[in-house]
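**Student:** turn this into a model:
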Amino acid sequence: MTDFIMAPAHFPTEYWHSLSDGRVQCDLCPRACKLREGQQGLCFVRACHDQKIVLTSYGRSSGFCIDPIEKKPLNHFLPGTPILSFGTAGCNLACKFCQNWDMSKSREMDTLADRAMPEQLAKAALDTGCRSMAFTYNDPVVFMEYACDAADAGHELGIKSVAVSAGYICEKPREKFFSHMDAANIDLKAFTESFYKKICGGSLAMVLETLKYLKHETHVWFEITTLLISEENDSDKELHEMTEWIAENLGYDIPLHFTAFHPDWKMQQHAHTPASTLSWARQIAISKGLNYVYTGNVHDSEGGSTWCPKCAELLIGRDWYRLGQFNIENDHCRSCGHQIAGVFENNHGEWGAKRLPIRINSKPDQNGRA
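**Tutor:** As a prediction, the model looks like this:
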């Protein structure tokens, strides 16, 4: 058993440069926060210390949980297997509808009650039978150094790494970050700059660059999720434009998930997304030639299942996160032999819909807190 190692309070980072006025600019994401000594960036976890940009959340987490891989959501990456999920605090976007706002919007370090170094995370994943680790709950871009080190530790034990991210990251750190990842789900929040600016405090263009980068310059398996919000990003025009862009720029085999919004954070007055909206969006995407389009956050066995794009036979039956029929063998449809895009094994996992919180290390920190 290894000794408990305390993470440094100020972990050094790579992507920053000094400015002539004494400030330091963070070059991790397009926000380019310019900070004076002691100031934090909008993400909250990257700060200026000794005239350098440091990460203040390394080795600290808002909690650990074993989830079904489909919850990320990833439907074409080791279906049915358990994944160790964790996040830290903070985010480099400011989405008004954030559904993990208690972590991603937290400015209280006490939110980070659990502590684990990368090697402890990897061992916990191995010991609990997880096939992969997910950096999720808040965007792993902001705790990039911690996520990359954890991914490396996991790879040494045969554990794969998954990033659940909005893809809002600059070119150079993007290359390094995704070089450590085996799979990703990218949250394409809408397909207009106005939505990104008004609702998220960001920009669409950089996210589209991340998607093209993943498709054409990496071997990372990735899927896309769009949370549909009534009268905000669900118009026919926007859905047609988005799915056409995906088909033309990423191809027809990238899985696309349309998920239902529920009122949260600063959008409490907005209505729940009707299941019919998700089904209609799915039909639009299918009409553009996309082969794998899913509905999420609703009970919809047709929209949640995987169908062969050639013979239309059921490949993977799903009810919420529970898997049923499985007709993929050696990455091919058992009925017609068509190759199915994704990372599969001949038998799916049996984790089901369970969500299991775990503790990795309960030893006290320097302030005596467990």
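
**Student:** list the helices and strands whichever strand or helix holds Lys237 packs on?
**Tutor:** Using DSSP states H and E, Lys237 sits in helix 236-250. If contacts are counted by 3 or more CB pairs under 8 Å, 6 or more residues apart in numbering; DSSP states H and E, helix 236-250 sits against helix 204-217, helix 275-287. Any C-beta I mention is one placed from the backbone N, CA and C, and that applies to glycine too.

**Student:** the next helix or strand after that helix versus helix 275-287: what angle between them?
**Tutor:** Remark: after helix 236-250, the chain's next helix or strand is strand 256-260, criterion DSSP H and E. If you take axes from the mean of the first three to the mean of the last three CA atoms, to 10 degrees, strand 256-260 sits at 170 degrees to helix 275-287.

**Student:** got the angle for strand 256-260 vs helix 236-250?
**Tutor:** Using the same axes, to 10 degrees: strand 256-260 against helix 236-250 is 150 degrees.

**Student:** quick revisit: now the helix holding Lys237: mean pLDDT?
**Tutor:** Mean pLDDT, computed over helix 236-250, is 98.

**Student:** who touches that helix?
**Tutor:** 188, 190-192, 208, 211-212, 215, 224, 226, 254, 256, 281, 284-285, 288-290 (CB atoms under 8 Å, 6 or more residues apart in numbering).

**Student:** wouldn't Cys95 be in contact with Ala190 here?
**Tutor:** No - the pair Cys95 / Ala190 is not scored as a contact, 10.3 Å apart, by CB atoms under 8 Å.

**Student:** and for the two, which residues touch both?
**Tutor:** In contact with both Cys95 and Ala190: Ile199, Cys200, using CB under 8 Å, 6+ apart.

**Student:** output the below-cut-off pLDDT ranges for the stretch 1-150 of the chain.
**Tutor:** Applying pLDDT under 70 to the stretch 1-150 of the chain picks out residues 1-8, 100-113.

**Student:** who does His49 bridge with?
**Tutor:** Lys52 (DSSP bridges).

**Student:** number of residues surrounding it?
**Tutor:** Neighbourhood size, His49 [other CB atoms under 10 Å]: 19.

**Student:** how about it, what does it touch?
**Tutor:** Contacts of His49 by CB under 8 Å, 6+ apart are His10, Glu37, Gly38.

**Student:** nearest to Glu145, out of those: which one, please.
**Tutor:** Of all the contacts of His49, Glu145 sits closest to His10, with 11.5 Å by CB to CB.

**Student:** next one: phi and psi at that closest one?
**Tutor:** Here is the backbone geometry of His10 (degrees, to the nearest 10): phi -130, psi 90.

**Student:** give me the secondary structure label for the nearest residue to it once chain neighbours are set aside.
**Tutor:** Distances taken as CB to CB, 6 or more residues apart in numbering place Val54 nearest to His10, at 3.9 Å, with adjacent residues excluded. At Val54 the chain is in strand, as set by DSSP: H, G, I helix; E, B strand; the rest coil.

**Student:** Val54 reaches Val45, doesn't it?
**Tutor:** No - the pair Val54 / Val45 is not scored as a contact, 9.5 Å apart, by CB under 8 Å.

**Student:** between these two, what contacts are shared?
**Tutor:** By CB under 8 Å, 6+ apart, no residue touches both Val54 and Val45.

**Student:** what does stretch 117-124 contact?
**Tutor:** By CB under 8 Å, 6+ apart, stretch 117-124 touches 2, 5, 7, 59, 64, 84, 86, 116, 133, 146, 149-150, 152-154, 156-157, 159, 358, 360-361.

**Student:** in helices, which of those residues appear?
**Tutor:** Tyr146, Asp149, Ala150, Asp152, Ala153, Gly154, Glu156 (DSSP state H).

**Student:** out of these, which end up buried?
**Tutor:** Tyr146, Asp149, Ala150, Ala153, Gly154 (16 or more other CB atoms under 10 Å).

**Student:** ok, and the closest non-adjacent residue to the first one?
**Tutor:** Spelled out, that is Tyr146. Tyr58 (4.7 Å).

**Student:** tell me how many other residues crowd the one you found.
**Tutor:** Quick note: Tyr58 (other CB under 10 Å) scores 22 neighbours.

**Student:** what do you get for the one 5 residues further on?
**Tutor:** Residues near Gly63, counting by other CB under 10 Å, number 17.
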